[in-house]
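> below are the sequence and a predicted model; questions follow.
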Amino acid sequence: MGGISADAPPLRRLPDKMETDTRPVVTPRTVFLTTAAIGVAWQVFVITRGLRYGPELQSMLQGLGVTAGFLTRSFLASYRWWVLAPAVTAVLVADVARRTRPPPLYGSVVLAGSVFAGLVLQAWMIEAWFAPLLAIIVKVQP
């Protein structure tokens, strides 16, 4: 009636010290890939906005007869080529990721470059848009 049967295997004694999992939850490679992916995604986002609104900026400036400044002119001349930035960045990130022990300086430069490229492209696009708009506002004000 209940209890442990006679033919049951004997109980094992648990070790005095529990084994702990010493593997890190977040590895440097994971941090690198996540941050680099954010940088590439930022670039892609800015580029899609540039491709969407670049032609409108150009037609607006032509319609108003406004002579755009250097940053706006350079944006309008180059934004269609910006798709190369995330492509190059993704190739460099993949190169770092495939190596078992990438040089720290190389990995750091690639990581910083992926984020910095997004920042530069966004700043350039914003300046390209707002510089002529602010110039028009200044001319319209009494």
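That came through fine. What you see is a predicted model, and the numbers here were worked out from it, not measured in a lab.
> could you pull up the residues touching Val96?
Counting by Cβ atoms under 8 Å, 6 or more residues apart in numbering, Val96 touches Phe32, Ala36, Pro102, Tyr106, Gly107, Val110, Leu111. In this view, the C-beta of every residue, glycine as well, is placed from N, C-alpha and C.
> ok, now with 6 Å
If you count contacts by Cβ atoms under 6 Å, 6 or more residues apart in numbering, Val96 has them with Pro102, Gly107, Val110.
> closest to Asp7 out of the residues you listed?
Distance to Asp7, by Cβ to Cβ, is smallest for Pro102 among these, at 58.1 Å.
> could you find the closest non-adjacent residue to that closest one?
Leaving aside its sequence neighbours, Pro102 sits nearest to Val96 (Cβ to Cβ, 6 or more residues apart in numbering; 4.7 Å).
> and Arg23, helix, strand or coil?
coil (DSSP: H, G, I helix; E, B strand; the rest coil).
> so who does Val115 touch?
Contacts here follow Cβ under 6 Å, 6+ apart; on that basis Val115 touches Gly39.
> what are the contacting residues of stretch 23-34?
With contacts defined as Cβ under 6 Å, 6+ apart, stretch 23-34 is touched by Leu111.
> rerun at 10 Å
Val93, Ala94, Val96, Ala97, Thr100, Pro102, Pro104, Gly107, Ser108, Val110, Leu111, Ser114 (Cβ atoms under 10 Å, 6 or more residues apart in numbering).
> distance of the third one relative to Ala85?
Think Val96. As for Val96, its distance to Ala85 is 17 Å (criterion: Cβ to Cβ, to the nearest Å).
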